[in-house]
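**Q** please find the sequence and the predicted model below.
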Amino acid sequence: MSDLPRKAVTRTAKLAALPLGFAGRATWGLGKRIVGESAELVGQQLQQRTAEQMFKVLGELKGGAMKFGQALSVFESALPEEIAGPYRAALTKLQEAAPPMPTRTVHTVLGEQLGEDWQELFLEFEDKPSAAASIGQVHRGVWHDGREVAVKVQYPGAGEALLSDLNQLGRFARLLGPLIPGLDIKPLIMELKDRVSEELDYGLEAQAQRAHAEEFADDPDVLVPDVVHQCDQVLITEWIDGVPLSEVITDGAPEQRDRAGQLLAHFLFAGPARTGLLHADPHPGNFRLLPGGPDGEDDWRLGVLDFGTVDRLPGGLPVTIGTCLRMTLAGAAEAVHEELRAEGFIKETVELDPDAVLDYLLPIIEPAQVDEFTFTRGWMRSQAARIGDIRSPAYQLGKQLNLPPAYLLIHRVTLSTIGVLCQLGATVRLREELEAWLPGFVAPTEESMAEPVDESAAEPMEEEESAAEA
């Protein structure tokens with residue numbers, strides 16, 4: 001098996017072949033239609049061939065190419081069902097596996113990072129990787145103190161590959177756009193590029209993971225493995241078993257799907273409230289279902305992996321999100337419009353009808369209107385079609401809304417998590433999580449309004465938003 005392709009010319013050639021492949025298949029499709037096959041059938045065949053080639057290349061290249069593919073994977077549920085199958089199979093592979101590095105390369109990195117006698121630090125070390133992802137691969141081992149560990153080894157040249165891939169993908173974002181209706185590819189690529197340096201910094205990842213492991217220690221619902229050892233290109237954490245969420249999506253029983261969905265929604269909102277950090281890579285490969293929840297072995301907990309990308313949110317998610325959500329549910333169109341304008345979602349130069357804004361938002365927040373909501377691919381597709389159809393009023397209004405920089409990552413993580421919930425087909429008590437963890441969602445009482453405000457707690461948030469805007 002070859003090593004991670006590092007030469008820019010090699011990677012560029014592979015990625016450049018993608019749009020050429022699209023063009024070639026389009027010509028093939030035209031030929032098929034000329035000889036009498038239906039446009040619908042030809043379209044399905046074209047989409048299937050495109051999906052298979054695209055995600056095969058993205059998986060082989062790892063780096064930014066695979067990172068992009070994983071980010072797309074959670075939006076598979078937005079695709080029309082008749083063409084979703086090929087994507088589902090190709091994307092599931094991206095969520096859990098990629099071609100591994102040669103053993104000699106792994107040993108070289110470990111020797112450079114842990115010292116020539118690195119093998120003495122382990123009672124056992126498996127040369128065959130248990131998982132391979134976008135910038136590193138994971139090996140199972142037993143640390144010298146007897147703990148089972150996951151050893152994440154960064155690919156040599158991963159940083160170069162990440163930036164090179166994302167730059168190249170950005171050049172033909174317009175051609176990739178039609179693959180996922182309703183999703184703007186270019187901002188997604190730009191946001192992934194902005195996070196490259198953080199993702200490569202195992203020191204930052206170790207800090208974020210330790211913070212979560214400490215906060216969720218002995219938690220009945222969420223398990224985060226603690227950090228055992230960390231250096232520049234190697235991160236060693238406690239090992240956890242469990243069923244990957246990608247397997248729950250394909251083969252899970254209904255009760256597993258519902259439990260996984262509830263735990264995922266819980267972690268999305270409880271995580272920032274309890275740690276001041278938002279786990280920002282919510283594709284299914286980063287989660288496990290583990291037996292032994294609050295009701296015993298027959299129940300499940302959520303194991304959370306990979307803290308390479310996080311959003312730092314002192315005080316939790318911005319109160320504006322909860323406030324706007326609460327007021328939208330109450331039908332307070334003018335108040336919602338005013339709040340969105342104040343926060344920069346509606347620019348000063350843009351005039352929008354408050355009632356039209358409310359009509360745009362209400363279908364999106366349907367899961368928060370009821371005590372229990374079943375997320376489905378059909379619901380996700382209907383939302384994507386409503387917002388992505390250039391003929392619809394929702395599309396025209398959505399084009400006039402603005403997404404402030406401080407909300408970019410929050411927006412992507414929320415959409416991605418909803419995409420996974422729809423893949424699971426989970427029935428979730430989302431409103432319960434919002435009431436418990438989302439600031440501003442529950443209307444303030446007279447008593448709480450009378451309490452003095454701790455202004456010092458708000459200052460870091462303002463600094464964080466200013467940095468994001470810069």
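**A** Received it, and whenever you're ready, just let me know what you need. Residues are numbered from 1 along each chain as shown.
**Q** so A217: helix, strand or coil?
**A** coil (DSSP: H, G, I helix; E, B strand; the rest coil).
**Q** now do the contacts for it.
**A** By CB atoms under 8 Å, 6 or more residues apart in numbering, no residues touch A217. Yep, even glycine has a C-beta here, placed from its N, CA and C like the rest.
**Q** tell me where the model's unsure across the stretch 301-450 of the chain.
**A** Along the stretch 301-450 of the chain, segments meeting pLDDT under 70 span 445-450.
**Q** which residue ranges of it form helices?
**A** Using DSSP state H, counting those that start in this stretch, the helices found in the stretch 301-450 of the chain span residues 319-329, 333-343, 354-361, 377-388, 393-400, 408-424, 430-437, 446-450.
**Q** out of the ones you listed, nearest to Q209?
**A** Nearest to Q209, of all the helices of the stretch 301-450 of the chain, is helix 408-424, at 16.9 Å by CB to CB.
**Q** quick one: contacts of that closest one?
**A** Contacts of helix 408-424 (CB under 8 Å, 6+ apart): 71, 74-78, 187-188, 191, 195, 245, 248-249, 252, 257, 260-261, 264-265, 268, 278-280, 282-284, 311, 313, 317-318, 321, 367, 375-377, 379-380, 403, 428, 468.
**Q** circling back to that earlier point, hey, which of the helices of the stretch 301-450 of the chain is tucked in deepest?
**A** helix 408-424 (a mean of 22; mean count of other CB atoms under 10 Å).
**Q** got the angle for that one vs helix 377-388?
**A** 140 degrees (axes from the mean of the first three to the mean of the last three CA atoms, to 10 degrees).
**Q** re earlier: reformat the helices of the stretch 301-450 of the chain as JSON lines; add distance to A131.
**A** Formatted as JSON lines, the helices of the stretch 301-450 of the chain follow (distance: least, CB to CB, whole Å):
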{"stretch": "helix 319-329", "distance to A131": "33"}
{"stretch": "helix 333-343", "distance to A131": "39"}
{"stretch": "helix 354-361", "distance to A131": "38"}
{"stretch": "helix 377-388", "distance to A131": "26"}
{"stretch": "helix 393-400", "distance to A131": "37"}
{"stretch": "helix 408-424", "distance to A131": "18"}
{"stretch": "helix 430-437", "distance to A131": "29"}
{"stretch": "helix 446-450", "distance to A131": "45"}
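**Q** V350 reaches K399, doesn't it?
**A** No. At 10.2 Å, V350 does not count as touching K399 under the criterion of CB atoms under 8 Å.
**Q** A273 touches E435, doesn't it?
**A** No. The criterion here is CB under 8 Å, and A273 misses it with E435 at 11.9 Å.
**Q** low-confidence ranges, the stretch 1-150 of the chain, go.
**A** Judged by pLDDT under 70, the stretch 1-150 of the chain has its weakly predicted residues at 1-99, 133-134.
**Q** now the strands for the stretch 201-350 of the chain?
**A** 222-223, 227-231, 234-238, 243-244, 277-279, 287-293, 296-304, 310-312 (DSSP state E, counting those that start in this stretch).
**Q** weakest of those in terms of mean pLDDT?
**A** Comparing mean pLDDT over those, the weakest stretch is strand 296-304, at a mean of 85.
**Q** for the stretch 151-300 of the chain, which spans come out with low pLDDT?
**A** 161, 165, 170-184, 188, 293, 296-298.
**Q** helices of that one, residue ranges please.
**A** Using DSSP H, counting those that start in this stretch, helices in the stretch 151-300 of the chain cover 158-171, 173-176, 185-194, 196-200, 202-215, 245-251, 254-275.
**Q** export these to TSV and tack on distance to H107?
**A** Formatted as TSV, the helices of the stretch 151-300 of the chain follow (distance: least, CB to CB, whole Å):
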stretch	distance to H107
helix 158-171	17
helix 173-176	37
helix 185-194	30
helix 196-200	21
helix 202-215	18
helix 245-251	29
helix 254-275	35
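**Q** out of those helices, which comes closest to Y395?
**A** Of those, nearest to Y395 by CB to CB is helix 185-194, at 16.2 Å.
**Q** could you give me the buried positions within the closest one?
**A** By neighbour count with 16 or more other CB atoms under 10 Å, helix 185-194 contains the buried residues I185, L188, I189, E191, L192, K193.
**Q** and stretch 119-133, by the same measure?
**A** Buried residues in stretch 119-133 (16+ other CB under 10 Å): L121, F122, F125, P129, A131, A132, A133.
**Q** mind checking which of those residues are in helices?
**A** Of the buried residues of stretch 119-133, none are assigned to helices by DSSP state H.
**Q** closest one of those residues to D306?
**A** Using CB to CB, the buried residues of stretch 119-133 come closest to D306 at A133, 7.5 Å.
**Q** just give the closest residue to Y202, not the sequence neighbours.
**A** In this structure, Y202 finds its nearest non-sequential neighbour in L235, 4.5 Å apart by CB to CB, 6 or more residues apart in numbering.
**Q** list the contacts of E215.
**A** R274, T275.
**Q** please report the distance of it from A270.
**A** 9 Å (CB to CB, to the nearest Å).
**Q** sorry, back to before: now render the buried residues of stretch 119-133 as CSV, adding distance to A385.
**A** Below are the buried residues of stretch 119-133 laid out as CSV (distance: CB to CB, whole Å):
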residue, distance to A385
L121, 54
F122, 52
F125, 50
P129, 40
A131, 35
A132, 35
A133, 32
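**Q** which of the residues you listed fall within strands?
**A** If you go by DSSP state E, the buried residues of stretch 119-133 have F122, F125, A131, A132 in strands.
**Q** among the residues you listed, which two are most distant?
**A** F122 and A132 (19.5 Å).
**Q** put the alpha carbons of stretch 295-312 into PDB.
**A** Taking Å, rounded to 0.1, in the frame of the first residue of the first chain, the C-alpha atoms of stretch 295-312 are listed here in PDB:
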ATOM      1  CA  ASP A 295     -30.300   1.600  32.900                       C
ATOM      2  CA  GLY A 296     -27.600  -1.100  32.800                       C
ATOM      3  CA  GLU A 297     -25.900  -3.200  30.200                       C
ATOM      4  CA  ASP A 298     -29.000  -3.100  27.900                       C
ATOM      5  CA  ASP A 299     -28.800   0.700  27.700                       C
ATOM      6  CA  TRP A 300     -26.200   2.700  25.800                       C
ATOM      7  CA  ARG A 301     -23.800   5.600  26.200                       C
ATOM      8  CA  LEU A 302     -22.300   7.800  23.600                       C
ATOM      9  CA  GLY A 303     -18.500   7.600  23.100                       C
ATOM     10  CA  VAL A 304     -17.000  10.700  21.600                       C
ATOM     11  CA  LEU A 305     -13.700  10.800  19.700                       C
ATOM     12  CA  ASP A 306     -11.500  13.300  17.800                       C
ATOM     13  CA  PHE A 307     -11.400  16.800  19.300                       C
ATOM     14  CA  GLY A 308      -9.100  18.100  16.600                       C
ATOM     15  CA  THR A 309     -11.700  20.800  15.600                       C
ATOM     16  CA  VAL A 310     -13.500  22.700  18.300                       C
ATOM     17  CA  ASP A 311     -15.200  26.000  18.500                       C
ATOM     18  CA  ARG A 312     -14.300  27.900  21.700                       C
END
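**Q** quick one: buried residues of it?
**A** Those would be 300-312, for stretch 295-312 by 16+ other CB under 10 Å.
**Q** farthest-separated two in the residues you listed?
**A** W300 and R312 (29.3 Å).
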